[in-house]
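Enquirer: When you get a sec, could you give me coordinates for this:
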Amino acid sequence: MNDSKLAGQIIAELPSLVAKSIIDASAAAALRRHYEGQIKPARSLAIGLVITAILGGLLVGAGIILLLAHNWDDLSKPVRAFLSVLPLLISIALSGYTILRRMDSTAWREGCGVFYFLSIGASIALVSQTYHLYNDMAGFLFYWIVLTLPVIYLLNSGTAFAGCLACLVAYSFVLSGYWWRSGFPFSPKPFALLALALPYYGWHVWRHREALSVIWTSWALAVALPLIMLKMVERTNAASVWAVYGLLAVVYYLAGCRWFSERSGFKNPFRALGSLAIVVVAIAFTYKGIYVYKSWHVDLSLAAECFGIVATLAWLALAGDLLRRKVEFNIVAVLLPVSMAFAIALEGDGAALFLANIYMLALGIFTLLKGVRRDRLLLMNEGLIVITALIVSRFFDNDYSFVVRGVAFILLGCGFLAVNLSVMNKRRQQQGGAS
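Expert: The predicted structure is shown next:
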């Protein structure tokens, strides 16, 4: 039992203890004062307060910007300049108060963090527009990120961290010429800025791994990193692109098993995204098209090669660490880089496609058997879904008749139902035996 819950129960018992003359009123008052300081708000209440504070910061920031924009053209330049930095001055004042008096309140830290983050971007944009300083989106995003980095650490704000990641994604897109232009050289700036923000995340994972803020900042980081990497793989062929992201998927999966092994599903972002990406990449390698499609240059870019080396080392280190700690994980999923290496080495011939299909089938069967052994219905269904995805992809990849496809789908559906009914009957028998 946690201290907060125990303190609440003790305080609830005080009136009855006084009524029974076990303790007197003064002792009860002293105990109440002592234990009231240990009571923390309920988790649902704390989450609600944080969400309300974040939304409040967003609405206040947006409202101020709209009020300033209403009569913006009628104001003189000095007045525009003052109003441009006014939100930033307000956010600095609120942040100073939070640091001095409210650092123990997550709602205050997150609310001020999102308001400060928005104020930085609004002030830069308005001052630049007023004095026609520059029309450089990359420069605007760069300074916004740089000025947000201290806010992350000073306010210990996860919303500022997530906002910084969003700006990093936009910044990497701008540097790469967005989606429709090519030929821009790879820039390491987004990764250098990301490295400056990551200590905040690492500290929270180390010290407060069970906190809700770690879950949603993990989602933000897990989604942002592949997007920032897009420019890195621009000059590679299709198979190499899938290989780079396949390596990242395996590292995601292993990181989720290593640092968040007690969580599953939505609460373990790296494991959830890594598992899904492993299946998607494995299916992609069963298609011949990715080996022959070469709309980009064939040679791997230097940045992608460096990432491949780092990801490979991380893959080996994490897998070895999990084996040493005897942490259970899906060994077939972790062997995806081996399957990809064979497929690329064989250059997509018949043997490569055969091995890719065998790997996909092994992944589904191993996951299914693992679920049966551990009596976990969700894991069994995941294995069946992988096998179904392989069969469906082969049907759409080859010229099978509708009769064959229909019979196969019926058999797969019966398999799903049989597994689920078998597990449910087994659990009913266990419950009946226990009673």
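Enquirer: Give the lowest-confidence helix or strand of the chain, using mean pLDDT as the measure.
Expert: The helix or strand of the chain with the poorest confidence is helix 43-70; it has a mean of 58 (mean pLDDT, DSSP states H and E).
Enquirer: what's the following helix or strand after that one?
Expert: Per DSSP states H and E, helix 43-70 leads on to helix 77-101 as the next helix or strand towards the C-terminus.
Enquirer: Can you tell me the closest non-neighbouring residue to Leu126?
Expert: Spatial nearest neighbour of Leu126, excluding adjacent residues (C-beta to C-beta, 6 or more residues apart in numbering): Ser84 at 3.6 Å. Bear in mind the C-beta positions are built from the backbone N, C-alpha and C, glycine included.
Enquirer: tell me the contacts of that neighbour?
Expert: Residues in contact with Ser84 (C-beta atoms under 8 Å, 6 or more residues apart in numbering) are Leu68, Ala122, Ser123, Leu126, Val127, Thr130.
Enquirer: One more: Leu168?
Expert: Contacts for Leu168 (C-beta under 8 Å, 6+ apart) come out as Ile145, Pro190, Leu193, Leu194, Ala197, Ala224, Ile228.
Enquirer: tally of neighbours for the first one?
Expert: In other words, Ile145. The number of residues packed near Ile145 is 25, by other C-beta atoms under 10 Å.
Enquirer: So it sits against Tyr171, correct?
Expert: Yes: here Ile145 lies in contact with Tyr171, judged by C-beta atoms under 8 Å, at a distance of 6.5 Å.
Enquirer: any common contacting residues for the two?
Expert: Counting by C-beta under 8 Å, 6+ apart, the residues touching both Ile145 and Tyr171 are Leu193.
Enquirer: and the angle from whichever helix or strand Gly111 is part of to helix 77-101?
Expert: Per DSSP H and E: Gly111 is located in helix 106-131. Interaxial angle, helix 106-131 versus helix 77-101 (axes from the mean of the first three to the mean of the last three C-alpha atoms, to 10 degrees): 160 degrees.
Enquirer: Helix 106-131 packs against which elements?
Expert: helix 43-70, helix 77-101, helix 137-155, helix 158-175 (3 or more C-beta pairs under 8 Å, 6 or more residues apart in numbering; DSSP states H and E).
Enquirer: Identify each buried residue in it, please.
Expert: Neighbour counts over helix 106-131 (16 or more other C-beta atoms under 10 Å) mark 106-124, 126, 128, 130 as buried.
Enquirer: tell me how far it is from the chain's mean position?
Expert: Relative to the chain's own centre, helix 106-131 is displaced by 24 Å; criterion: C-alpha atoms, centre = their mean, to the nearest Å.
Enquirer: Let's test this: mean pLDDT of it, rounded?
Expert: Taken as a whole, helix 106-131 carries a mean pLDDT of 83.
Enquirer: Same check on stretch 253-269?
Expert: pLDDT averaged over stretch 253-269 gives 87.
Enquirer: just stretch 141-158 next, same as before
Expert: 93.
Enquirer: now do stretch 410-422
Expert: For stretch 410-422, the per-residue pLDDT averages 66.
Enquirer: and what of stretch 276-289?
Expert: Rounded mean pLDDT across stretch 276-289 is 87.
Enquirer: Now do that stretch: distance to the chain's middle.
Expert: Counting by C-alpha atoms, centre = their mean, stretch 276-289 comes out at 21 Å from the chain centroid.
Enquirer: do you know how far the spatially closest residue to Thr286 that is not a sequence neighbour is from Pro87?
Expert: Sequence neighbours aside, Ala356 is the residue nearest to Thr286 in space, at 4.5 Å (criterion: C-beta to C-beta, 6+ apart). Distance of Ala356 to Pro87, given as C-beta to C-beta, to the nearest Å: 54 Å.
Enquirer: still on that earlier bit, and of the contacts of Ser84, the nearest to Ala12?
Expert: The nearest member of the contacts of Ser84 to Ala12, counting by C-beta to C-beta, is Ala122 at 48.2 Å.
Enquirer: And the chain, split by domain according to the record?
Expert: 1-40, 235-396 (automatic domain parsing).
Enquirer: Could you identify which of the ones you listed is most buried?
Expert: Most buried of the domains of the chain, by mean neighbour count (mean count of other C-beta atoms under 10 Å): domain 235-396, with a mean of 18.
Enquirer: Show me what the strand or helix carrying the residue nearest to Thr286 packs onto, helices and strands only.
Expert: Using DSSP H and E, Ala356 sits in helix 350-374. The contact analysis (3+ C-beta pairs under 8 Å, 6+ apart) places helix 350-374 against helix 269-284, helix 331-334, helix 336-345, helix 377-397.
Enquirer: closest one to Leu14 among those helices?
Expert: Nearest to Leu14, of the helices and strands packed on helix 350-374 and by C-beta to C-beta, is helix 269-284 at 43.0 Å.
Enquirer: Quick check: buried residues in stretch 92-103?
Expert: Within stretch 92-103, the residues that count as buried by 16+ other C-beta under 10 Å are Leu94, Ser95, Thr98, Arg102.
Enquirer: what's the average pLDDT for it?
Expert: For stretch 92-103, mean pLDDT is 88.
Enquirer: how far out from the middle of the chain is it?
Expert: 29 Å.
Enquirer: Can I get that stretch as CSV, trimmed to CA atoms?
Expert: Only the C-alpha atoms of stretch 92-103 are listed here, as CSV (Å, rounded to 0.1, in the frame of the first residue of the first chain):
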residue,chain,number,x,y,z
ILE,A,92,8.7,34.6,-18.2
ALA,A,93,7.0,36.1,-15.1
LEU,A,94,4.7,33.1,-14.7
SER,A,95,7.6,30.7,-15.2
GLY,A,96,9.7,32.6,-12.5
TYR,A,97,6.8,32.3,-10.1
THR,A,98,6.4,28.6,-10.9
ILE,A,99,10.1,27.9,-10.4
LEU,A,100,10.2,29.8,-7.1
ARG,A,101,6.8,28.6,-5.6
ARG,A,102,5.1,25.9,-7.7
MET,A,103,7.8,23.5,-8.9
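Enquirer: ok, and what's touching it?
Expert: Ser105, Trp108, Arg109, Cys112, Phe115, Tyr116, Val151, Leu154, Leu155, Asn156.
Enquirer: which one of those residues is nearest Leu322?
Expert: Closest to Leu322 out of the contacts of stretch 92-103 is Asn156 (30.4 Å), distances taken as C-beta to C-beta.
Enquirer: I'd like the distance between that closest one and Ser105.
Expert: Distance from Asn156 to Ser105, by C-beta to C-beta: 11 Å.
Enquirer: do Arg324 as well
Expert: 40 Å.
Enquirer: same thing with Asp136?
Expert: Plainly put, Asp136 is 38 Å away from Ser105 if you go by C-beta to C-beta.
Enquirer: for Arg80, same thing?
Expert: 34 Å.
Enquirer: how far away is Ile120 from Ala220?
Expert: Distance, Ile120 to Ala220, by C-beta to C-beta: 18 Å.
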